[in-house]
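In: Next comes the sequence, and after it the predicted model I'd like to discuss.
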Amino acid sequence: AEVLFASRSDHSGTHFLEMKLWKAIQVDKKGAWYMETGQGMGATLMIASERQAYTLTDRGTYLAFKEKVQLEPMVQGDQALLNYYHVMEVNPERFSRVNHAGARAFADFLGAEGTKAIIRTFGKDRFGAPLFFVDEDRE
């Protein structure tokens, strides 16, 4: 419909997901309706609110900015919108200068049940909903 859309356009994970979605539905983003903010997610939410534009955001930033913007989620929970955070250890045989022990400890920490319990409830007391989800909890 060429309704105003605010894009981060900053090569972030959210921006890459947006590009994937536009490609999947074969929409050419050229035109006055497509606004590239070049800003972070919080600033893009503020711009989208001020300009009454649509935008694609992550749950955590939206919940943190919910009281500052006049935006309501239109779609959430759809499989196509999932945008994962990952932790990967670098191969120490290929990159000998990395702190492999530290990387392993960090990966183990993130995978620990206690850490996953914190992730499941993080933000819930302040925003009424968790900011993140643990991947294994998805149906």
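Out: Structure's in. What do you need?
In: Can you give me the buried ones in stretch 117-133?
Out: Using 16 or more other Cβ atoms under 10 Å as the test for burial, stretch 117-133 gives I119, G123, F127, P130, L131. Heads up, the C-betas are built off the backbone N, CA and C, glycines and all.
In: Just the ones in helices from those, please.
Out: Residues of these located in helices (DSSP state H): I119, F127.
In: State the pair within the buried residues of stretch 117-133 that is farthest apart.
Out: I119 and F127 (14.1 Å; Cβ to Cβ).
In: re the thing from before, with pLDDT added, can I get the buried residues of stretch 117-133 in TSV?
Out: Listed next are the buried residues of stretch 117-133 as TSV, based on pLDDT from 0 to 100:
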residue	pLDDT
I119	94
G123	93
F127	91
P130	91
L131	90
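In: quick one: low-confidence ranges for this protein?
Out: Within the chain, the segments meeting pLDDT under 70 span 138-139.
In: residue boundaries of the strands in the protein?
Out: 5-7, 34-36, 54-55 (DSSP state E).
In: Return the list of strands paired to the last one, each annotated with direction.
Out: When pairing is defined by DSSP bridges, strand 54-55 lines up against strand 5-7 (parallel).
In: which residues sit against the strand it pairs with?
Out: 15, 18, 29, 33-37, 44, 47-48, 51, 53-56 (Cβ atoms under 8 Å, 6 or more residues apart in numbering).
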